[in-house]
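Chemist: need a structure here:
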Amino acid sequence: MLSQQLQVFLQVVDCGSFSKAAKQLLVTPASVMKHMNTLESRLGVTLLKRSNQGIELTAAGKSLYKDGKKLLASAQSAAARAKNAEFSEGITIRVGSSLLNPSRVLTDLWAPLRENYPKYKFHIVPYEDTKEQILSVISSLGDRIDLLVGSFNSKTMREEADYLNLGEYRLCVAVPQGHPLATRKELTLGDLHGEHLMMVKSGDTELLDRFHDMLTMTHPQILVEEAGYYYDMDTFNTCEQTGSLLLTLDAWACIHPSLVTIPVNWDYKVPYGILYSKEPSDEVKRFIEIIKKGKI
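Modeler: Below you'll find the model as predicted:
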């Protein structure tokens with residue numbers, strides 16, 4: 001309800017630094033800095049003095065912080081009243097949605113159940129699933145987002161949240177357009193010999209670790225490159241720019257317009273499902289139980 005720049009300003013002051021505020025807001029420090037510069041430019045005043053020790057409020061900053069806190073309290077009270085009014089009519093589940101993990105997977109699953117549970121509604125919350133931010137998003141489940149849907153198989157992720165398995169995605173290979181393999185309908189492991197194949201870094205996903213070991217032992221001709229523990233859009237961009245192949249999922253076939261996702265004649269799949277807080281609200285608990293019954 002408050003302007004985004006004012007909310008960022010209040011968070012920066014409360015945290016005492018741009019980096020700490022960025023962590024709380026699940027954005028980058030550069031994004032926080034941009035919001036602060038925009039706010040100061042709009043108001044025509046200097047709000048903060050920056051130093052190696054942190055930040056110091058100017059007279060204008062102190063005034064805005066005091067009034068901003070009052071506005072924030074009023075806005076939060078208004079939002080709480082609105083939520084109470086909505087709760088009397090229905091139950092809202094906040095579903096995170098990103099390019100790699102879209103909310104539509106869940107909303108499509110819910111479609112045949114909607115008639116029997118009309119009180120449930122979805123509020124879609126966009127989030128950044130960059131390598132730097134994804135763990136912060138997962139560790140804060142229950143605060144701004146109730147649940148995420150996607151393939152979250154890393155041990156680190158599973159330690160931060162509970163997981164309801166919904167099904168499996170097929171492992172495929174993404175090939176840059178113009179690559180000799182791009183016109184193929186299906187690939188073999190032999191087709192990958194001599195190629196650079198990017199995949200997640202070993203050590204955090206047991207299933208893919210076994211897959212990596214299989215490639216190393218039986219197909220050393222495939223030049224495996226590790227892309228980090230998690231993918232983001234930069235991973236797909238790197239493959240398109242370097243001409244490398246990418247171990248990917250059939251669900252990500254439309255992620256990058258310059259990459260062609262091709263199945264391989266193997267039987268490797270990875271599970272996908274709902275990720276939610278280890279201490280979910282009663283509403284989320286009931287929602288998860290409904291999904292479980294709907295899968296039976």
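
Chemist: what's the longest strand in the chain?
Modeler: In terms of residue count, the longest strand belonging to the chain (DSSP state E) is strand 162-176.

Chemist: list the buried residues of it.
Modeler: 162-163, 166, 169-176 (16 or more other CB atoms under 10 Å). C-beta: built from backbone N, CA, C; applies to glycine.

Chemist: the longest helix out of those in the chain packs against which elements?
Modeler: Using DSSP state H to define each element, the chain has its longest helix at helix 59-89. Packing contacts for helix 59-89, counted by 3 or more CB pairs under 8 Å, 6 or more residues apart in numbering; DSSP states H and E, involve helix 4-15.

Chemist: return the distance of the helix it packs on from the chain's centre.
Modeler: Helix 4-15 sits 23 Å away from the centroid of its parent chain (CA atoms, centre = their mean, to the nearest Å).

Chemist: next: stretch 193-203.
Modeler: 23 Å.

Chemist: CA atoms only: put it into PDB for me.
Modeler: Below are the C-alpha coordinates for stretch 193-203, written out as PDB (Å, rounded to 0.1, in the frame of the first residue of the first chain):
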ATOM      1  CA  HIS A 193      30.200 -37.600 -27.100                       C
ATOM      2  CA  GLY A 194      32.600 -34.700 -27.600                       C
ATOM      3  CA  GLU A 195      30.000 -32.200 -26.500                       C
ATOM      4  CA  HIS A 196      30.200 -29.900 -23.500                       C
ATOM      5  CA  LEU A 197      27.200 -30.700 -21.200                       C
ATOM      6  CA  MET A 198      26.300 -28.300 -18.400                       C
ATOM      7  CA  MET A 199      24.600 -29.700 -15.300                       C
ATOM      8  CA  VAL A 200      24.200 -28.900 -11.700                       C
ATOM      9  CA  LYS A 201      27.200 -29.100  -9.400                       C
ATOM     10  CA  SER A 202      27.700 -32.500  -7.600                       C
ATOM     11  CA  GLY A 203      27.200 -32.800  -3.900                       C
END
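
Chemist: and for that stretch, what's in contact with it?
Modeler: With CB atoms under 8 Å, 6 or more residues apart in numbering as the test, stretch 193-203 has contacts from 173, 181, 208-209, 211-212, 215, 219, 221-231, 235, 238-239, 242-247.

Chemist: which ones are touching Thr248?
Modeler: With the criterion set at CB under 8 Å, 6+ apart, Thr248 makes contact with 171-174, 255, 259, 261.

Chemist: any chance of those in JSON lines, with pLDDT too?
Modeler: Converted to JSON lines, the contacts of Thr248 look like this (pLDDT from 0 to 100):
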{"residue": "Leu171", "pLDDT": "97"}
{"residue": "Cys172", "pLDDT": "97"}
{"residue": "Val173", "pLDDT": "98"}
{"residue": "Ala174", "pLDDT": "97"}
{"residue": "Ile255", "pLDDT": "92"}
{"residue": "Leu259", "pLDDT": "97"}
{"residue": "Thr261", "pLDDT": "98"}
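
Chemist: closest one of these to Gly90?
Modeler: Ile255 (33.1 Å; CB to CB).

Chemist: ok so, going back, any idea which helix or strand comes after the longest helix of the chain?
Modeler: The helix or strand immediately downstream of helix 59-89 is strand 91-97, counting by DSSP states H and E.

Chemist: in this structure, which helix or strand is least confident?
Modeler: helix 59-89 (a mean of 79; mean pLDDT, DSSP states H and E).

Chemist: tilt between that helix and strand 91-97?
Modeler: Here helix 59-89 runs at 120 degrees with respect to strand 91-97, directions being taken by axes from the mean of the first three to the mean of the last three CA atoms, to 10 degrees.

Chemist: roughly how far out does helix 59-89 sit from the chain middle?
Modeler: That offset, for helix 59-89, works out to 27 Å (CA atoms, centre = their mean).

Chemist: and Pro280, how many neighbours does it have?
Modeler: 18 (other CB atoms under 10 Å).

Chemist: what sits against the closest residue to it other than its chain neighbours?
Modeler: Nearest residue to Pro280, sequence neighbours excluded (CB to CB, 6 or more residues apart in numbering): Gly142, at 6.3 Å. Gly142 makes contacts with 276-277, 279-281, 284, as judged by CB under 8 Å, 6+ apart.

Chemist: of all residues in the protein, which one is nearest the centre?
Modeler: Asp129 (3.1 Å; CA atoms, centre = their mean).

Chemist: distance of the residue nearest to that one when sequence neighbours are not counted relative to Val149?
Modeler: Distance criterion CB to CB, 6+ apart; nearest residue to Asp129, sequence neighbours excluded, is Ser98 at 4.2 Å. Ser98 sits 10 Å away from Val149 when distances are taken as CB to CB, to the nearest Å.
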